[in-house]
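S.K.: Based on what follows, work out the 3D shape:
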Amino acid sequence: MSDVSPAPVPSGTPSGTPVGTPVGTAPAAVPAPASSGAARGYAPGRTLPLGVEIVRQLKRRRTLVMFGLLLALPWILVIAFTFGAGSGQPSATLRISDLATEGGLNFAAFALSVSATFLLVVAVALFCGDTVAVEASWSSLRYLLAAPIPRDRLLRQKLIVALGYSAAAVICVPAMALLAGTLAFGWNDVRVPGTGETIAALDMLPRFGVVVAYAMVSQLVVASLAFLLSVGTDAPLGAVGGAVGLVIVSNILQAVEELGVLREFLPTFWNTAWLDALAPQPQYDGMLKGVAVSVTYSVILIAFAFRRFRAKDVVS
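M.R.: Okay, the predicted model is just below:
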C-alpha cells in the first residue's frame, strides 16, 4: 500500500479554510444566530396569558370565599324577610326596603342597594388590592419578572383579570337576588320607591341592566386605588384597607353640607344616582356625572400605578 501524504497547505491560508480553496479566496460565510439577546422562541406578547392568570386567581381561597358570600347574601335576605314578614307597616313614603318583597326586580334593587355601600366595596378592593401585593408577599414577583414577563404586560394582565373578577362580583349579587326574589316573591311589576307608582317589569328590565352597569363603573375608583396601593406595597391587607378607608372618608365628607358643590367631586357622591333610573320618568344626569368622576379618578390612579411599577425596585 502506497503511503500518500496530504497536500501541503499554502502559507497564508487562514486556519479552518477547506483544502482546495484558492489562496486569497474568502471561505463561504456561515449564517450567525440572531443577536437580539432573547432566547430562541421567546415572545414577550405570549407571556402570562389571561387564561393562566384567571385560573390562578380562581383557585385562591379568598376568591371562592368572597363569591360564596356574595351568592349567599340574597338567600340570607330572603330568609330574613320571610321570618320577619308582618313585623311592621310601611311608612307613608315608601322606601326601597318596604318594596323588597313586591317582586323579583324590587328585591334585586334592594339587594344591590344594601351591598353596594360596603360588601361590594370590600370585594372589589380585595380583588384589585391583593393581585400584585400578594405576589410580593409570597416572594414570587421577582420570579415572574425574571421569566421574563415585561413589567407593563404583567401589570396589564393582572389589572384586566382583577377588574373582570370585580365586575363579576358586582353582577352576581343582583343576578342571584333576581333569581331568589322571583322564586320567593314572584315576577311582578315594579313599584317605585317614594311614590309607589307601578311600572311593568319588562319595561323596567332594560333600566335595571343600566343600573348594574352603573354600579360597576362607580366601583372603578375603589378598584383603581386598591390597584395603585397593591403596586406600592407587599402587604395585601394594607392595599385593601386603604381602598376601603377611602370610601369611609368620602362618605363622612359627603355628609358635611358646608362643603357645598365640592361634595360632587367626592368619589362616592354619585354612587346612589342609579335610583333615578328606576323613577317613572328616568333621569340620567346624575349617573352621567358619576361616570365622569369615576372614570377620571380611575385613569389617573391607574396611570400612577403603571408609572410606579416601572420604576419599582423589585426585591421580593
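S.K.: where along this protein do the strands fall?
M.R.: Here the chain has its strands, by DSSP state E, at 190-191, 198-199.
S.K.: distance between the first one and the chain's centre?
M.R.: If you compare the mean C-alpha spot of strand 190-191 with that of the full chain, they lie 32 Å apart, counting by CA atoms, centre = their mean, to the nearest Å.
S.K.: And for stretch 241-254?
M.R.: Distance, centroid of stretch 241-254 to centroid of chain: 19 Å (CA atoms, centre = their mean).
S.K.: just stretch 163-176 next, same as before
M.R.: With CA atoms, centre = their mean, you get 10 Å for stretch 163-176.
S.K.: Show me what it is in contact with.
M.R.: 54, 57, 63, 66-67, 70-71, 73-75, 108-109, 111-112, 115-116, 119-120, 123-124, 127-128, 208, 211-212, 215-216, 219, 223 (CB atoms under 8 Å, 6 or more residues apart in numbering). C-beta: built from backbone N, CA, C; applies to glycine.
S.K.: pretty sure Val132 contacts Ser230?
M.R.: Yes. Shown here, Val132 and Ser230 form a contact pair, counting by CB atoms under 8 Å, at 4.3 Å.
S.K.: more neighbours, these two?
M.R.: Ser230 (32 against 29; other CB atoms under 10 Å).
S.K.: For Thr131, give its distance to Trp274.
M.R.: 27 Å (CB to CB, to the nearest Å).
S.K.: show me where the protein has helices.
M.R.: Under the criterion DSSP state H, helices of the chain are mapped to 50-58, 61-83, 104-116, 119-129, 133-137, 141-145, 151-185, 201-218, 220-232, 236-254, 285-310.
S.K.: I'd like to know which of the ones you listed is closest to Gly194.
M.R.: Among the helices of the chain, helix 104-116 comes nearest to Gly194, with 12.8 Å by CB to CB.
S.K.: Who are the packing partners of that closest one?
M.R.: helix 61-83, helix 151-185, strand 190-191, helix 201-218 (3 or more CB pairs under 8 Å, 6 or more residues apart in numbering; DSSP states H and E).
S.K.: most tightly surrounded among the ones you listed?
M.R.: Across the helices and strands packed on helix 104-116, the average number of neighbours (mean count of other CB atoms under 10 Å) peaks for strand 190-191, which reaches a mean of 22.
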